[in-house]
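**Student:** I'd like to go over a predicted model; first the sequence, then the structure.
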Amino acid sequence: MPRYHEELVTTSRTPDAIAARLEELILDGVFRPGQLLPSERRLSERLKVSRASLREALRTLRSKGVIVTRQGRGSEVAQMVPTAQDNPLMHLFRDHPRTLFDLLEVRALLEGESASLAASRGTASDRVLITRRYREMVDYVETAETIEAERLARFDHGFHLAICQASHNPVLVHTLQSLTDLLLSSVFASVKNLYHRPRSREMINRQHARLFRAVVEGKPVLARRAALEHLSSVGEQLREIEAEDQRLERSAMRLEGWE
């Protein structure tokens, strides 16, 4: 079920005003790219507007490419950026592992600020969602017989995305959502390479708990620090693993000898 603002009602009932209100809800992440909009009946009731005016507003959004309508399915929010399949940059990133460290730097820039903003701006509803995503991740780690890296990466990413959405900065939210595939790949790499190592696993769990508490307790300075420390230490440990692998490879080559 979509997560609504406490009040969706628009102050004006003209089609243009309704279209503008729907655009605001999309920018705020209430309706996300790819998400199906509620039925016309339900949406008109929530906005307290006539269905005729709503239909005209939806036509305006379709003409702008903000929503798309599929026969027998309804209207959904359009993808705001190219999908991974349409974006050649995604293939370049995936084929060159060094970009993992570039991604971690970008995550630090964006997620450090989003954690701070979430701690200072987050509503009670935001904190409920963040808590839910955090508990899903923790419960999976504590109850799964075997940790599947891909599944844990999705829980991990969902937790960080919930924090970002609580920043109430539409540009920040959409920037991170546009990078979802890349960010998921960086989280997956972190989980796959680090989580089977007891010291790294304890570190990640401890840092997630610290970040969670700082955000839900409304401590922006601590939240930013927790996010930055988490990403910095993950990057450092991945670099150590990379250096170790290179040392092992060089040692093996020396052992084999070259003629």
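**Tutor:** Looks like it arrived, so ask away.
**Student:** helix/strand/coil for Gly29?
**Tutor:** coil (DSSP: H, G, I helix; E, B strand; the rest coil).
**Student:** was I right about it contacting Gln165?
**Tutor:** Yes: between Gly29 and Gln165 there is a contact under Cβ atoms under 8 Å: 5.1 Å. Heads up, the C-betas are built off the backbone N, CA and C, glycines and all.
**Student:** Identify the contacts common to those two.
**Tutor:** Residues touching both Gly29 and Gln165 (Cβ atoms under 8 Å, 6 or more residues apart in numbering): Val173.
**Student:** Please say which of these two ends up with more neighbours.
**Tutor:** Gln165 (26 against 22; other Cβ atoms under 10 Å).
**Student:** and the residue nearest the centre of the chain, what does it touch?
**Tutor:** The chain has Leu161 as the residue nearest its centroid, 3.2 Å off, counting by Cα atoms, centre = their mean. For Leu161, the contacting residues are Arg133, Leu176, Gln177, Thr180, by Cβ under 8 Å, 6+ apart.
**Student:** Just the pLDDT for Gly72.
**Tutor:** pLDDT for Gly72: 79.
**Student:** Can you name the next helix or strand after the worst-scoring helix or strand of the chain on mean pLDDT?
**Tutor:** Scoring the helices and strands of the chain by mean pLDDT, DSSP states H and E places helix 88-95 at the bottom, with a mean of 62. Remark: after helix 88-95, the chain's next helix or strand is helix 99-121, criterion DSSP states H and E.
**Student:** List the buried residues of that next one.
**Tutor:** Along helix 99-121, these residues count as buried under the neighbour rule (16 or more other Cβ atoms under 10 Å): 99-100, 103-104, 106-108, 110-120.
**Student:** now stretch 184-201
**Tutor:** Leu184, Ser185, Ser186, Val187, Phe188, Ala189, Ser190, Val191, Asn193, Leu194, Tyr195, Ser200.
**Student:** any idea which element the first one lies in?
**Tutor:** Read it as Leu184. helix 180-194.
**Student:** Now do that helix: distance to the chain's middle.
**Tutor:** 12 Å (Cα atoms, centre = their mean, to the nearest Å).
**Student:** what mean pLDDT does that helix have?
**Tutor:** 82.
**Student:** Also compute the angle for it relative to helix 99-121, please.
**Tutor:** 110 degrees (axes from the mean of the first three to the mean of the last three Cα atoms, to 10 degrees).
**Student:** how far out from the middle of the chain is the next helix or strand along the chain from helix 180-194?
**Tutor:** Remark: after helix 180-194, the chain's next helix or strand is helix 198-216, criterion DSSP H and E. Relative to its parent chain, helix 198-216 has a centroid offset of 18 Å by Cα atoms, centre = their mean.
**Student:** Okay, now the unreliable bits of the stretch 151-259 of the chain?
**Tutor:** For the stretch 151-259 of the chain, the stretches flagged by pLDDT under 70 are 246-259.
**Student:** again, 50 this time
**Tutor:** Counting by pLDDT under 50, the ranges of the stretch 151-259 of the chain that qualify are 259.
**Student:** got the buried residues of stretch 184-201 as TSV, with distance to Ala17 columns?
**Tutor:** Output for the buried residues of stretch 184-201, formatted as TSV (distance: Cβ to Cβ, whole Å):
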residue	distance to Ala17
Leu184	37
Ser185	41
Ser186	41
Val187	40
Phe188	43
Ala189	46
Ser190	45
Val191	46
Asn193	51
Leu194	50
Tyr195	49
Ser200	52
